[in-house]
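K.L.:
predicted model and sequence follow; I will ask about them next.
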Amino acid sequence: MNVKATTDIRIRYQPSTSNDAYIAAVLPAGAVVDAELAPSAPGWYRFPIELQGEKLKPSVKNPYALWMYAAAEWFAPVDTKPEEPKPPTPTRDKHEHARYQLGVNVLQFTEYGFQALRNGCRFVLFMDNGGGAITAAREFPDALIMYRRYHSAKLDPQSMFNLLDIDWSTVPGNFIVTLSNENDTQNPNNLPEYFAWFKAVAGLIWSRNPNARIAFGSWGHGNPNWVEKGVADYFRDTVAPWLNQNAHRVVLDLHMYTKGKRRTTHPVAESPIIGMEWFETRHKFAYQNDLSKSVRHVGGEGGVEAGHGGFTWAGYTPTQFKEWGFDVVNGQRECDPPPLGVALYHLGEHVGWRGYWLQPYYGALVELWASDVAYP
C-alpha cells in the first residue's frame, strides 16, 4: 500500500531503534512509498531494498538482506482511490469551423473568392469560371470549391455537360460541381424528372472522371416539399439508395438561409426563427428518409433571408453579423452530420443582389475564419 512520510524518517536494516548502526538512509518528509506491514515486527513497515529507484546500502551483517524497515507511526495512509476516467475529448470535423460554415458564394467575382481563400476561408462557390474554380481547388487543397454555370433555360443532359466546359481529367478531389441552381430550370418537387436528368449528366461526367464530385439538388430553401407523400416516397425508395451507393462522389446541396432572427437585438422582422427544419436544416428530412449520413450535405447558398435581401437589406451591423455567425458555428444549426460547408450569399457587387452584399461584413468574416473561438 502507499504511505506518506509525515516527517524525515530513518530507514533501518532491522525493525529496531536500539542501534543507530542499523540506519541505512533517511526518507524525506512528504515522500510516498509502497510499503507493507512487517509480518514479524508489529508497528513497523518494511520496504524493498530498492527504494524510490535507488538501491540502498545492504546491511554489513546481512549482505543478502531484501528489506529495510521504518516505524509505522511516522507514516500516514495515502488515498489510492483511482481518479474518475475523463471522457475522451471529442474529435471535431474540421468542416465545423467557421472557415467552412461561413464560406462565401462569389458568383462571377472570382477575385473575391481568391481573396477570401487567402484570408482563411475554406468553402467558396464560383460561378461561370471553371478554370478559376479548378485553380482555387489546386492552390488551396484543404478548401472545398464549388462551381456553378448560370443557365436560365432548361437544357438537355448533353447541352448541360457542354456548358460546364471542364477538362474532367484534371479536376482535384476538393472540387464539386453543381448542375442547376434553385428551381430556375428544374421543378424540385418533380423528383422523377430531375433525378433522370441528373443521372444522365452525371453519367457523362463520370465517363470522363469516375471520381468527380457532383452536388445533387441545389434547391432553394424550403424545397423540396418533403411533406408531400409522393416526394418523400420517391426520394426514400428511389433516390436515396442511388445517392447512398455513390456517397463517395455526390453531395446533397440544399440552400440554408435563416428565416427570422437568432437574437432579440437582431434586425430581421420575423422573430423567433421560423421553423428551422423547414428552411435552414431542411436536409434533415432527407436523412429521415433513408439517406445515409455517409452522403454529406452542403449549402451552396446561405445567410439570412429577410424578405427582399440578406444582412445588408435587413440592416445588420458588423457586430450583429458576427454574433449571427458565432451562433451558427457554435451549434445553433443542430446539423447531424454538419454540412461540409455553407457559402454565404454573396461576396461581390452584383447590382441585382445588392441587398445580399457581404462586403460590409468582410472584416467580421476574416475575424471568424481566423478564430478558434468560432468552433463548436
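P.N.:
Received, thanks. What you see is a predicted model, and the numbers here were worked out from it, not measured in a lab.

K.L.:
what about the chain, any weak spots by pLDDT?
P.N.:
For the chain, residues meeting the criterion pLDDT under 70 lie at 20-21, 49-65, 80-83, 89-91, 183-185, 269-270, 332, 372-376.

K.L.:
and the helices in it, which stretches?
P.N.:
98-101, 110-118, 130-139, 157-164, 191-208, 229-234, 240-245, 283-288, 311-314, 318-327, 362-370 (DSSP state H).

K.L.:
so for residue 267, which of those sits nearest?
P.N.:
Across those, residue 267 has its closest neighbour in helix 311-314 (5.0 Å, C-beta to C-beta). Using the backbone N, CA and C atoms, a C-beta is placed for each residue, glycine as well.

K.L.:
can you give me the offset of that closest one from its chain's centre?
P.N.:
28 Å (C-alpha atoms, centre = their mean, to the nearest Å).

K.L.:
what packs against it?
P.N.:
strand 297-304 (3 or more C-beta pairs under 8 Å, 6 or more residues apart in numbering; DSSP states H and E).

K.L.:
returning to that earlier point: please identify the deepest-packed of the helices of the chain.
P.N.:
Compared across the helices of the chain, helix 98-101 shows the largest average neighbour count, a mean of 27 (mean count of other C-beta atoms under 10 Å).

K.L.:
what's in contact with that one?
P.N.:
94-95, 120-123, 144, 325, 328-329, 333, 338-342, 368-369, 371, 374-375 (C-beta atoms under 8 Å, 6 or more residues apart in numbering).

K.L.:
are any of the residues you listed buried, and which?
P.N.:
Neighbour counting by 16 or more other C-beta atoms under 10 Å classes 95, 120-123, 144, 325, 328-329, 333, 338-342, 368-369, 371, 374 among the contacts of helix 98-101 as buried.

K.L.:
still on that earlier bit, now the helices of the chain as CSV including distance to residue 303?
P.N.:
As requested, the helices of the chain are exported to CSV (distance: least, C-beta to C-beta, whole Å):
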stretch, distance to residue 303
helix 98-101, 12
helix 110-118, 15
helix 130-139, 21
helix 157-164, 26
helix 191-208, 25
helix 229-234, 26
helix 240-245, 26
helix 283-288, 16
helix 311-314, 6
helix 318-327, 9
helix 362-370, 11
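
K.L.:
for residue 268, which of these is the nearest?
P.N.:
The closest of the helices of the chain to residue 268 is helix 311-314. By C-beta to C-beta, the value is 5.0 Å.

K.L.:
how about the CA coordinates for the closest one, as CSV?
P.N.:
Extracted C-alpha coordinates of helix 311-314, given in CSV (Å, rounded to 0.1, in the frame of the first residue of the first chain):
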residue,chain,number,x,y,z
PHE,A,311,-27.9,41.0,-44.0
THR,A,312,-27.4,44.3,-45.8
TRP,A,313,-31.1,44.8,-46.7
ALA,A,314,-32.1,43.9,-43.1
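
K.L.:
can you list contacts of that helix?
P.N.:
267-269, 303-304, 306-307, 321, 324, 354-358, 360-361.

K.L.:
put the buried members of these into a PyMOL selection.
P.N.:
Per 16+ other C-beta under 10 Å, the buried members of these correspond to this PyMOL selection:
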select buried, resi 268+303+304+306+321+324+356+357+358+361
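
K.L.:
which of the contacts of helix 311-314 fall in strands?
P.N.:
Those of these mapping onto strands are 303-304, per DSSP state E.

K.L.:
so which of the helices of the chain is nearest residue 171?
P.N.:
Nearest of the helices of the chain (C-beta to C-beta): helix 130-139, 6.0 Å.

K.L.:
now do the closest one and helix 157-164, the angle between them.
P.N.:
70 degrees (axes from the mean of the first three to the mean of the last three C-alpha atoms, to 10 degrees).

K.L.:
which helices and strands does helix 130-139 pack with?
P.N.:
Using 3+ C-beta pairs under 8 Å, 6+ apart, helix 130-139 sits against helix 110-118, strand 123-127, strand 144-148, strand 175-178.

K.L.:
cutoff 6 Å now
P.N.:
If contacts are counted by 3 or more C-beta pairs under 6 Å, 6 or more residues apart in numbering; DSSP states H and E, helix 130-139 sits against strand 144-148.

K.L.:
counting contacts, what elements does the strand it packs on pack onto?
P.N.:
Partner elements for strand 144-148 (3+ C-beta pairs under 6 Å, 6+ apart): strand 123-127, helix 130-139, strand 175-178.

K.L.:
mind checking which of the ones you listed is nearest residue 260?
P.N.:
strand 123-127 (23.7 Å).
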